[in-house]
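Participant: sequence below, structure please.
(one chain, ligands or ions: 1)
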Amino acid sequence: MHDDRELVEARLKRVLDERIRPAVYPESVPLEVAVWHAPGEPVPVAEGLSAVPEPIAVGDQWGAPWGTSWFTVSGTVPAAWAGRNVEAILDLGFDENMPGFQCEGLVYRPDGTPVKGLNPRNQWIRVGAPVEGGEEVRLHIEAASNPVILDYHPFLPTTLGDKETAGTAPQYRLARMDLAVFDETVWQLVIDLEVLGELMRELPVDGARRWEIMRAVERALDAVDLQDVNGTAAAARERLAGVLSTPAQPSAHRISAVGHAHIDSAWLWPLRETVRKVARTTSNMTALLEDEPAFVFAMSQAQQWAWVKEHRPEVWARVTKAVATGRFVPTGGMWVESDTNMPGSEAMARQFVHGKRFFLDEFGIENDEVWLPDTFGFAAGLPQIIKAAGSKRLLTQKISWSQTNRFPHHTFLWEGIDGTRIFTHFPPVDTYNCSMKGSEIAHAARNFKDKGIARHSLAPTGWGDGGGGTTREMVAKAARMRDLEGSATVTWETPAEFFAKAEAEYPNPPVWVGELYLELHRATLTSQAKTKQGNRRSESLLREAELWAATAAVRTGHPYPHERLDRIWKTVLLHQFHDILPGSSIAWVHREAEKTYAAVADELGGIIDAAQHALAGDPSAGATLVFNAAPHTRHGVPAGGASAAHTEDAVVLRPRDEGGYELENGLLRVEIDGHGLVRSVYDLTAGREAVAPGQAANLLQIHPDFPNMWDAWDVDEFYRNTVTDLVAADEVAPGEEPGSVRVVRSFGRSKVTQVLSLPPGAGRLDIRTEVDWHETEKFLKLAFPLDVHAERYASESQYGHAYRATHTNTSWEAAKFEACNHRFVHLEEPGWGVALVNDSTYGHDVTRTVRATDAGTTTTLRASLLRAPRFPDPETDQGVHRFRHALVPGATIGDAVREGYFINLPERAVPGDAEVAPLVTIDNEAVVVTAVKLADDESGDVIVRFHEAHGGRARATLTAGFPISGVAATDLLERPIAERRHEGDAVSLSLRPFELVTLRLSRRP
Ligand SMILES: [Zn+2]
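Facilitator: Numbers count the residues shown, from 1 in each chain. Predicted structure coming up:
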């Protein structure tokens, strides 16, 4: 047989593109169009519907960046179309090659009921199937002219990312506003040919199936009269029925398709636009569910559900109705799809508390699965939190984005720092926007690494981010692949149905221990420093507010601000979304975030202040109380209590003969040279030097930082090839406060002022850094070369810490050249270590150096301070920033934990004479309290959460500072799991390494 394969394949493409697809809508008439441009921010639906529009014509430009335009389209269905299916085709000027990320619309009937969304690949509105002819059609479109930020030439700096800088130039041109006859038979033929054509191209050329499909396609094309596609489509379809009905092989891969729209809660648009994106997409999906009885749609992020409920009650009514059918499914159980590297212990827990509680309260639904398809890596503390929230399973596909290493499993058990294992699935389709293309389905089957034992994978299917979700075309393609020879099988299922099958077929899956590190987007630990500081400070203030408000409530009857704390938590949790906290959003988002964090700090400050004053007794007694919110005693003030603080001995500051200054406080002696560099940090107790021989600590280093892609997200390893040490100082002089040295340096267009001080009675060197930052595409690091021989180092994570190698033996270790810490990084030799603690930075790197002279190994720890990427925010991080770090020589891991809390929770001095005993005391430093609060059910019970923080076993006694009548261990949602024995007001504890415990203490009246 002669080989005509390429000829037939090319014929299919041309005939589909140029003849068959255009015949889906064989006849059309134009609609009348008028428009009203809302003058500012979006207006309520009623206002948009009642505005008086002006005429506009197809071909006209419309839409200033971030504007809202209300279009009214009207017309009459031609009488000649009686009996035919008719749709309105409303093309706002979409670029079909980019589903999402551009203009969008939501279509309403004149009475304000939503119909469905308009998206680049979803431009139709059903008028009648069939029509009678003569119907009057009138529709309203709330159209958002969101500008395109990520273009065909991506990552170019743009001022479009903030309404304040975006200008007013129209962004779109109205493309089509028609009534049209919809020929469903031709549409079905298109789907038939797409499914077969795409499958054919994935099949082996030497296999019979490929050729059988090709011959059937050829016969079908022969049956199409190119001058009368509509009259011959049915005959063409008949010729394809045979190849479409041969069943899948018994060993075929099984795909659970889950309708989905990954909607970033803010990213290349502001938060307010996400509210509308969600309304449009959910309108589309409820409409599709009504049309397609097999279809299943899953939506995560309780916050997005809450937005629909609050802002779009008419859409919410449709959503709740669809949920009741069991096919519009809440998934995920978190407040948002947050970052999981940076959120602190309690915040990570509260993502689940507030997410799960929303779905429980609204629908009585509790999910087992955690849905984080796009989050930039997963901290090793997460498995225990998932389990403590009552969930069991995790889904993400993001690790497929890693640049260096291929992850060895798609289905496996993920083991966290405490030993908790979570059943985890990485969809081998490698996308959260599957569109049911044959290439995607074939890739999933080929790519699946657990073949031979497991057979099921999940495919999140639909366009996100303004693409409108799943389309009717995707549903039609999935139906053809339900049981089709040569293809994986495709079935619409809920995430829970998928996980049940995946677990059942794979009883002993492989295990991955430790973090799921994404070998990409490492700079998200540093970009947009103010957003990160806002997060850290909010987390600390929430701890204080809950602690002091609970203490005041129990001791004085001071009202506990349940509603305010609930609202503030949700705000902070929203901002941990995986494009806000990571710093990868447009300028508008980060500008708003800064304001929001300031308001959060204000409100929490007020709550803390009121509670402390309620507790502090007589303010005119002339006494001062110091409140200590940290989990360890400080200056004689107990953890979680208030008393007069002990004063410590003074610090000595002396000029050095060779220039610079020496600081000493009886525990440390610090040598600062004439350039303001720290030449020595000597631990007087241990008799040991912390700084590597011949090196300088507190060294600011600057690198060029222009990654190949994803500017705000990525730092590429080659940044290290070029480094400038900032050693020249404008000024080195005693600081304003006693026992401190002030160092000022200018570089580029920037200036840095540092104050180095030894606090009295504490074995740490405090470093306050203020940077007036005006660089472009640079990376600023603060380096500490340490005389420590260490193969690994610890970084604080949620409810514990995780270790990483200091060397680069394997590609996996080499790829972790920038990593996440919370409050501390710690490294040690047996018996002696060093910690670096911080109040707001997350990125860091650790490298080792071997001296040529004597093979002595030293370790350099660098905190990442600032970057200056220009996309998506062209002015990222320009301006003044303030950071606090402290170097703690001689630190054990316990010292690192304690100093990490201290630097984040400054003491508060309040006038008053009534010492405050802690509500809860734990008599073992290794057991660290992360939350003391009143129960969310407003019962008045006290909730205390704590964990073993050193990585060992701990016995301890918890003593309540109030009479208790009962103790229960609970999950994170404060639901009792088991009663716990108590003797009087004391509870005996025994914890395994990093174990997390929540107790509910009932108060004896
Ligand atoms: Zn995302």
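
Participant: surely R688 meets V834?
Facilitator: No - counting by Cβ atoms under 8 Å, V834 is not a contact partner of R688; they are 9.9 Å apart. For the C-beta atoms, the positions are set from N, CA and C on the backbone; glycine is no exception.

Participant: quick one, which of the two is more surrounded?
Facilitator: Taking other Cβ atoms under 10 Å, R688 and V834 do not tie; V834 has more neighbours (30 against 17).

Participant: got the contact list for that one?
Facilitator: Residues in contact with V834 (Cβ atoms under 8 Å, 6 or more residues apart in numbering) are 690, 784, 786, 788, 826-828, 861, 887-891.

Participant: counting neighbours, what do you get for the residue in the stretch 701-850 of the chain that the ion sits nearest to?
Facilitator: Going by Cβ to the ion, the ion is nearest to W713 of the stretch 701-850 of the chain, at 11.3 Å. When counting by other Cβ under 10 Å, one arrives at 22 neighbours for W713.

Participant: which neighbours do R688 and V834 share?
Facilitator: Residues touching both R688 and V834 (Cβ under 8 Å, 6+ apart): P889, G890.

Participant: picking up where we left off before, find the nearest non-adjacent residue to the residue of the stretch 701-850 of the chain closest to the ion, please.
Facilitator: Nearest non-adjacent residue to W713, counting by Cβ to Cβ, 6 or more residues apart in numbering: H521, 4.2 Å away.

Participant: and V52, by the same measure?
Facilitator: W36 (6.6 Å).

Participant: buried ones in the helix or strand where that neighbour lies?
Facilitator: Element membership for W36, per DSSP states H and E: strand 32-37. Buried residues in strand 32-37, defined by neighbour count with 16 or more other Cβ atoms under 10 Å: V33, V35, W36, H37.

Participant: now the element after that strand, going C-ward?
Facilitator: helix 45-50.

Participant: what packs against that next one?
Facilitator: For helix 45-50, the packing partners by 3 or more Cβ pairs under 8 Å, 6 or more residues apart in numbering; DSSP states H and E come out as strand 67-76, strand 136-145.

Participant: which residues touch the following helix or strand past that helix?
Facilitator: Later in the chain than helix 45-50, the nearest helix or strand by DSSP H and E is strand 54-55. Strand 54-55 is contacted by residues V33, A34, V35, W36 when judged by Cβ under 8 Å, 6+ apart.

Participant: how about stretch 722-732?
Facilitator: Stretch 722-732 is contacted from outside by 659-661, 672, 674-677, 696, 699-704, 741-747, 752, using Cβ under 8 Å, 6+ apart.

Participant: repeat the analysis, applying 7 Å as the threshold.
Facilitator: 660, 674-677, 699-704, 741-747 (Cβ atoms under 7 Å, 6 or more residues apart in numbering).

Participant: just the buried residues from these, in ChimeraX please.
Facilitator: Provided next is the ChimeraX selection string for whichever of the contacts of stretch 722-732 are buried by 16+ other Cβ under 10 Å:
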select :660,675,676,677,699,700,701,702,703,741,742,743,745,747
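
Participant: restrict the contacts of stretch 722-732 to contacts with the ion.
Facilitator: For the ion, no contacts are drawn from those by Cβ under 5 Å from the ion.

Participant: the contacts of stretch 722-732 in strands, which ones?
Facilitator: 699-704, 741-747 (DSSP state E).

Participant: may I see those residues organised as TSV, with pLDDT added?
Facilitator: What follows is the ones in strands among the contacts of stretch 722-732, written out as TSV (pLDDT from 0 to 100):
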residue	pLDDT
L699	98
L700	98
Q701	98
I702	98
H703	98
P704	98
V741	98
R742	98
V743	98
V744	98
R745	98
S746	98
F747	98
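
Participant: quick one: which of those residues is nearest F352?
Facilitator: Checking the ones in strands among the contacts of stretch 722-732 against F352 by Cβ to Cβ gives H703 as the nearest, at 37.6 Å.

Participant: quick one, grab the pLDDT at the residue of the stretch 701-850 of the chain closest to the ion.
Facilitator: On pLDDT, W713 comes in at 98.
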